[in-house]
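**Student:** what shape does this take:
(chains A, B, C and D)
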There are 2 protein chains.
Amino acid sequence: MVTLKQIAEELGISITTVSKALKEYPDVSKKTRKLVRETAAMLNYKPNSFAVNLRTKESKTIGLIIPEIVHHFFSSVIKGIISQAEKKGYLVITLQSNESYELEKKQIDLLISKRVDGILISLANGTADYKHISEVLNQETPLVMFDKIAKAIKCSKVTIDDRKAAYKATQYLIDIGCKRIAHFRGPLLPQNSIDRFLGYKQALTDNNIIYDPTLVYLLNKMSFDEGKFYANQLLKDHNDVDGIFINTDLVAIGAISEFNNQGIKVPEQINVIGFSNWFMASVISPSLTTINQPGFEIGKKAFKLLYKEIKDRKKKKIINYKNIVLETDLIVRESTV
Amino acid sequence: MVTLKQIAEELGISITTVSKALKEYPDVSKKTRKLVRETAAMLNYKPNSFAVNLRTKESKTIGLIIPEIVHHFFSSVIKGIISQAEKKGYLVITLQSNESYELEKKQIDLLISKRVDGILISLANGTADYKHISEVLNQETPLVMFDKIAKAIKCSKVTIDDRKAAYKATQYLIDIGCKRIAHFRGPLLPQNSIDRFLGYKQALTDNNIIYDPTLVYLLNKMSFDEGKFYANQLLKDHNDVDGIFINTDLVAIGAISEFNNQGIKVPEQINVIGFSNWFMASVISPSLTTINQPGFEIGKKAFKLLYKEIKDRKKKKIINYKNIVLETDLIVRESTV
DNA sequence: CGATTTTCCGAAAACGTTTTCGATTAAGAT
DNA sequence: ATCTTAATCGAAAACGTTTTCGGAAAATCG
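**Tutor:** Residues are numbered from 1 along each chain as shown, chains lettered A, B, ... in the order given. Okay, here's the model as predicted:
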């Protein structure tokens, strides 16, 4: 591995001059600059990033913690983050919390130890207290949250308006004539499922439909099988339901599968709307009407915010945290009339 | 940020002793070791990894280059790699080549510049020459390939036996009574689609079924829509096909969708087998019979090989490259009788 | 031609570790 | 008491870069 020293010896000049020449300092003559550049290229010189890091105190690396990698939405986010980071010369270290608070804590520690320049995180479902996050903030390490956030923490965030999106979905069901609209909701944590439930409820009351709690089913694992299970349950409990807004595409697909099996026609007998717009939703039949959750965009925006904060901190600027809320679209497909 | 120096001053001993105490050197007394440990903990000391890297010449970080992140198989691989790496104290930097040779080259350069301890890579479809890979190997940087590999390169590899898997799939179609079996194959690069085609062909001839080239369709983008398109084409060209082995689940799902639309019963009229076992395959209807490509396992094994090579190189051991070929299973579902 | 400015270069310190090797002290042996 | 050995510590070099600051040489000016 060739070093500045070797280039210096090769040319009979000092290390200092070589270093400055390569960084285009104005106080080294154009002639030597060129000379240094050429021999550096010839020797295939690559700066030792360990030394650079030590000297400059930054690694041009950020950490990313997500609950689950094998997941259409999150992998889209990762892609958005990485694509944007690469443009700015940043590399990203990805970690998976597996929805576990304990792991999340360890991983934050790991990243801090590695001295990443910043952290991007979507909280695990299991995370209820935020000491580990506060510590990061105290250490002056930039951090931005996305999707599954903690409202109480003072930092930049990028999310969608779950409540509004859910409202939009429910309103659509109402608009196409549904009178009895059920909802499969998620657990009490994270906030997202609460907001989606609230949006659903709000849409009902705004349209003078009385909210019936028995039409709301609380799922825990949010799996395909749970979708099937509760679809079956729903059919037993209520024979008059004509529309259903479901917290997650995967569950919705499970429900549709169950409806198919039982000979219930979607959308003729029951209209189904999912949430997230997983790729899957477009290829099943009937294809699923759903809310598009722009993962790639969320990732890009999250990185941009983090990048700005890193830069601002370096310039000792005061940083004002932003709260970006991305728009969601209702994507109408075959599961609604 | 607290350093060794600060701990040393706090205790009135030398930096050397502090460092050695923390690393449990036997030449520092148990008493001081304990003392140092305690004050280090009290001051919340975290070694500066930049300095450690510089000194030890290793970063405990590996690079990972994959063609596409938003992809069930690859994200499973990532998960496998990260989970295993974490256990061994390694962090992983993920990059996406987007199936582009140029990008792949740049990213390899980037990782080398960052001085990762090793590289894991699945080649882009666009890569035909391997100079960039050879360079890595020349630099003595451990590298292992997985899934989309270059047979010509001397390094460890982990793959599945595409040919055998395809043979298995085709044989199954024959076993359940199919007489006219079509195949949707992938492009000429990477090797995988060739091998799968070869496996298909072999199974036919081994069963005394004459190979009919008009039953093989070469797709390029391997998309859902292409699946639909060629399914339609197949129906026009041949009315006697009773089974089809398709290179990729996504295409297979497209084909099934087209068959559904045209009122062709799967599996009664046409049996369909896919490849990869994307999650999607289990939730569509009819659910898809397919070959399970164990992404998570591939990732784990790939990291383990890389890890071993990193260790061996440090010990100046001679390294013998391994070629791990993982078993695949045929997962029978509703798309075959 | 002397004075002043500009241009160009390099010495040296610093970043925070790790590790070698020699020094000092304490303990044990004679 | 002296000598040997073991136990404990620290000085210093090294990893490869960046950057400050001062100095020498060259160019400009009066």
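**Student:** show me how chain A divides into domains.
**Tutor:** As recorded under automatic domain parsing, the domains making up chain A are A:4-47, A:59-159+A:296-327, A:162-292.
**Student:** now the ones you listed in CSV, with mean pLDDT?
**Tutor:** As requested, those are exported to CSV (pLDDT from 0 to 100):
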stretch, mean pLDDT
domain A:4-47, 95
domain A:59-159+A:296-327, 95
domain A:162-292, 95
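**Student:** could you dump those domains into CSV with mean neighbour count and distance to B:Lys5 added?
**Tutor:** Where C-beta positions appear, they are placed from N, C-alpha and C, glycine not excepted. Converted to CSV, the domains of chain A look like this (neighbours: other Cβ atoms under 10 Å in any protein chain shown; distance: least, Cβ to Cβ, whole Å):
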stretch, mean neighbour count, distance to B:Lys5
domain A:4-47, 15, 25
domain A:59-159+A:296-327, 19, 17
domain A:162-292, 20, 43
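**Student:** contact residues of chain A facing DNA strand C?
**Tutor:** With Cβ under 7 Å from any atom of the strand as the criterion, chain A meets DNA strand C at residues A:13-17, A:20, A:27-32, A:51, A:54-55, A:57.
**Student:** inside helices: which ones of those?
**Tutor:** A:Ile15, A:Thr16, A:Thr17, A:Lys20, A:Lys30, A:Lys31, A:Thr32, A:Ala51, A:Leu54, A:Arg55 (DSSP state H).
**Student:** farthest-apart pair in those, please.
**Tutor:** Distance extremes for those: the farthest pair is A:Lys31 and A:Leu54 at 31.2 Å, using Cβ to Cβ.
**Student:** where do the strands sit along chain A?
**Tutor:** Assigned strands in chain A, in chain order: A:61-66, A:91-96, A:118-121, A:143-146, A:156-160, A:181-185, A:216-218, A:243-246, A:271-273, A:290-292, A:323-326, A:329-331 (criterion: DSSP state E).
**Student:** excluding chain neighbours, give the residue nearest to A:Glu102 in space.
**Tutor:** A:Gly126 (8.0 Å; Cβ to Cβ, 6 or more residues apart in numbering or on different chains).
**Student:** my error: substitute A:Leu35 in the last question.
**Tutor:** Leaving out its chain neighbours, the residue that sits closest to A:Leu35 by Cβ to Cβ, 6+ apart is A:Leu11, at 6.4 Å.
**Student:** in contact with the one you found: list those residues for me.
**Tutor:** For A:Leu11, the contact set (Cβ atoms under 8 Å, 6 or more residues apart in numbering or on different chains) comprises A:Val18, A:Leu35, A:Val36, A:Thr39.
**Student:** same list, these, but as JSON lines with distance to DNA strand D please.
**Tutor:** Formatted as JSON lines, these follow (distance: Cβ to the nearest atom of the strand, whole Å):
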{"residue": "A:Val18", "distance to DNA strand D": "7"}
{"residue": "A:Leu35", "distance to DNA strand D": "17"}
{"residue": "A:Val36", "distance to DNA strand D": "11"}
{"residue": "A:Thr39", "distance to DNA strand D": "13"}
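**Student:** from those, which single one is nearest DNA strand C?
**Tutor:** A:Val18 (7.7 Å; Cβ to the nearest atom of the strand).
**Student:** contacts only, for the closest one.
**Tutor:** A:Val18 touches A:Leu4, A:Ile7, A:Ala8, A:Leu11, A:Val36, A:Ala40, counting by Cβ under 8 Å, 6+ apart.
**Student:** and the residues you listed, which of them are in helices?
**Tutor:** Reading helices off the contacts of A:Val18 with DSSP H, I get A:Leu4, A:Ile7, A:Ala8, A:Leu11, A:Val36, A:Ala40.
**Student:** wait, the first one touches A:Ile15, no?
**Tutor:** Right, A:Leu4. Yes. Counting by Cβ atoms under 8 Å, A:Leu4 touches A:Ile15, with 4.9 Å between them.
**Student:** whichever residue of the stretch 201-337 of chain A sits closest to DNA strand C and A:Glu58, how far apart?
**Tutor:** In the stretch 201-337 of chain A, the residue that lies nearest DNA strand C is A:Lys314 (15.9 Å; Cβ to the nearest atom of the strand). Per Cβ to Cβ, to the nearest Å, A:Lys314 is found 8 Å from A:Glu58.
**Student:** contacts only, for the residue lying closest to A:Asp225 once chain neighbours are set aside.
**Tutor:** For A:Asp225, ignoring the flanking residues on the chain, the nearest one in space by Cβ to Cβ, 6+ apart is A:Gly254 at 6.2 Å. Under the criterion of Cβ under 8 Å, 6+ apart, the neighbours of A:Gly254 are A:Ser223, A:Phe224, A:Asp225, A:Glu226, A:Gly227, A:Lys228, A:Phe229, A:Ala231, B:Val283.
**Student:** kindly export stretch A:292-303 (C-alpha atoms) in PDB.
**Tutor:** Taking Å, rounded to 0.1, in the frame of the first residue of the first chain, the C-alpha atoms of stretch A:292-303 are listed here in PDB:
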ATOM      1  CA  ASN A 292     -48.700   4.000  -1.400                       C
ATOM      2  CA  GLN A 293     -46.100   4.500   1.200                       C
ATOM      3  CA  PRO A 294     -43.100   6.000  -0.600                       C
ATOM      4  CA  GLY A 295     -40.200   4.100   0.900                       C
ATOM      5  CA  PHE A 296     -37.600   5.200  -1.600                       C
ATOM      6  CA  GLU A 297     -38.500   8.800  -1.100                       C
ATOM      7  CA  ILE A 298     -38.600   8.500   2.700                       C
ATOM      8  CA  GLY A 299     -35.100   7.100   2.500                       C
ATOM      9  CA  LYS A 300     -33.800   9.800   0.300                       C
ATOM     10  CA  LYS A 301     -35.300  12.600   2.400                       C
ATOM     11  CA  ALA A 302     -34.100  11.000   5.600                       C
ATOM     12  CA  PHE A 303     -30.600  11.000   4.400                       C
END
